[in-house]
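Structure for the following, please:
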Amino acid sequence: MRKTLMSALSGMAVAVGMTGLVATAQATTWDMPTPYPDKTFHTQNILQFSKDVEAATGGELKIKIHSAGSLFKHPEIKNAVRGGQVPIGEFFLSLLSNEHAVFGADSQPFLATNYDEAAKLWNSQRPEVAKLLDKQGLMPLFSVPWPPQGLYTNKEIKTVDDLKGIKFRAYNAMLESFANKVGAAPTQVEVPDIPQAFATGRVEAMITSPSTGANSKAWDFISHFTDIQAWVPKNIVVVSKKAFRKLDKPTQEAVLAAAAEAELRGLAMSKKETEEKIKILKDNGVIIVAPSPELMAGLKEVGKEMLVDWKQDAGAEGEAVLSHYRQ
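Residues are numbered from 1 along each chain as shown. Down below sits the predicted model:
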């Protein structure tokens, strides 16, 4: 009798163990690299996205966030997803401009100069971006804008002519082209070097977000922030189509629903970030200036000139984006 009981208990234990193995096998964990620290609102939004997916799937899909470039450096993230090293990742969309100009539509100066225009541009840009990513085995899940880019100077800028001769920070080819067109002198300076570049006179002006300005303590080296909202660039989260197809239908739907929510939440977070960081600038003595109509008219003319070059590079896809955007 005792032998029979022990045999039965042993069988139950094996059955329970097998059930545990099945449950473990069904659970999936995705590693997700992101380029920014945990305190950045983009990362905060993605952390919530991860929690939403796990809750909606009952733990069957978990997304482990590797922030601040700890798993892959920023320029490597897209190709890491493409190559199957990770199933999902986040990066700055216009980093891919060297692959196709359409990826940089949101960073074209004075094409979309506020959140509403940026949202409209993304609606126009997304189908073309999705087609280009599809060719690489990727699909976009959601995007979130950065705060609009403003002008930092040591004097009030009333017209484009006031920028002539100023040493201007440039961190990519687009900004270098912009500086040349307004008669400024472009100088390559990365974010960590901004304070020293101003202190040593290497640069005298820059266009960047309120976030970068506040984080760099811009009040130590400039006096004016002109809220020109030059462009509203975006981060994008993409997923491997192969990894996505491995999920069952309810899990796929849960991911897409959480992504849609993250896009809305991220927009609200970006708007809040803009208000908070501009207030920090003001509280520390920076003069916040609304751009004059003359300045904006001149800047938009420069933007139109630059858009001509962009359209040539962007081809039919770029024409489709602009045509939809201008409807």
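
Can you tell me the SS state at the residue positioned nearest the centre of the chain?
With distances taken as CA atoms, centre = their mean, the residue of the chain nearest its centroid is Asn235 (1.5 Å). Under DSSP: H, G, I helix; E, B strand; the rest coil, Asn235 falls in the strand class.

Can you name the residues that contact it?
Asn235 sits next to His42, Glu90, Phe91, Phe92, Leu93, Ser143, Val144, Trp146 when contact means CB atoms under 8 Å, 6 or more residues apart in numbering. To be clear about C-beta, it is placed using only N, CA and C from the backbone, and glycine gets the same treatment.

What's the per-residue pLDDT of it here?
We note a pLDDT of 96 for Asn235 in this prediction.

quick one on the thing from earlier: among the contacts of Asn235, which are in strands?
Using DSSP state E, the members of those that fall in strands are Glu90, Phe91, Phe92, Ser143, Val144.

Strands along the stretch 201-327 of the chain, start to end?
Ranges of strands in the stretch 201-327 of the chain, per DSSP state E, counting those that start in this stretch, are 206-208, 224-226, 234-240, 287-289.

low pLDDT regions in the chain?
1-26 (pLDDT under 70).

burial measure for Glu261, as a count.
Look at Glu261: counted by other CB atoms under 10 Å, it has 16 neighbours.

again, but for Tyr325
Neighbours around Tyr325, by other CB under 10 Å: 17.

Ok, Arg126 next?
Count around Arg126 with other CB under 10 Å applied: 15.

Break the protein down into its domains, please.
The record's domain split for the chain, according to automatic domain parsing, is 29-146+233-279, 150-230+287-325.

Could you dump the strands of the stretch 201-327 of the chain into a markdown table and include distance to Pro75?
Output for those, formatted as a markdown table (distance: least, CB to CB, whole Å):
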| stretch | distance to Pro75 |
| --- | --- |
| strand 206-208 | 19 |
| strand 224-226 | 29 |
| strand 234-240 | 14 |
| strand 287-289 | 34 |
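
Select, out of these, the one closest to Pro33.
strand 234-240 (10.8 Å; CB to CB).

which residues sit against the helix or strand hosting Ala80?
Assigned by DSSP states H and E, Ala80 belongs to helix 77-82. Contacts with helix 77-82, where a contact means CB under 8 Å, 6+ apart, come from 33-35, 71-72, 86-91, 95-96, 136-138, 238-240.

circling back to that earlier point, between the strands of the stretch 201-327 of the chain, which one is nearest to Tyr115?
strand 234-240 (11.2 Å).

residue boundaries of the helices in the stretch 101-250 of the chain?
115-134, 173-181, 194-199, 210-215, 241-245, 249-283 (DSSP state H, counting those that start in this stretch).

out of these, deepest packed?
The highest average neighbour count among the helices of the stretch 101-250 of the chain, using mean count of other CB atoms under 10 Å, belongs to helix 210-215 at a mean of 21.

Quick one: distance of it to the chain centre.
16 Å (CA atoms, centre = their mean, to the nearest Å).

Ala56 and Ala260 touch, don't they?
No. Between Ala56 and Ala260 there is no contact under CB atoms under 8 Å: 11.9 Å.

that older thread, nearest to Ala185, of the strands of the stretch 201-327 of the chain?
Closest approach to Ala185 among the strands of the stretch 201-327 of the chain (CB to CB): strand 206-208, 12.5 Å.

Name the strands paired with that closest one and say parallel or antiparallel.
strand 150-153 (antiparallel) (DSSP bridges).

circling back: neighbour count and distance to Lys51 for the contacts of Asn235 - can I get that in TSV?
Output for the contacts of Asn235, formatted as TSV (neighbours: other CB atoms under 10 Å; distance: CB to CB, whole Å):
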residue	neighbour count	distance to Lys51
His42	24	15
Glu90	29	16
Phe91	23	21
Phe92	21	24
Leu93	25	24
Ser143	25	20
Val144	23	16
Trp146	23	23
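
If we only consider those residues, which is nearest to Ala170?
Using CB to CB, the contacts of Asn235 come closest to Ala170 at Phe92, 16.4 Å.

any idea how far that closest one is from Ala218?
21 Å (CB to CB, to the nearest Å).

Next: Glu90.
26 Å.

do the same with Pro33
Taking CB to CB as the measure, Pro33 falls 29 Å from Ala218.

ok, now Thr43?
22 Å.

out of these two, which sits in the busier spot?
More neighbours surround Ala218 than the other of Thr43 and Ala218, with 25 against 19 (other CB under 10 Å).

The nearest residue in space to the more buried one that is not next to it in sequence: what's it in contact with?
Among residues not flanking Ala218 along the chain, Tyr152 sits closest, at 5.6 Å (CB to CB, 6 or more residues apart in numbering). Tyr152 sits next to Ala205, Met206, Ile207, Thr208, Gly213, Ala218, Ile222, His224, Phe225 when contact means CB under 8 Å, 6+ apart.
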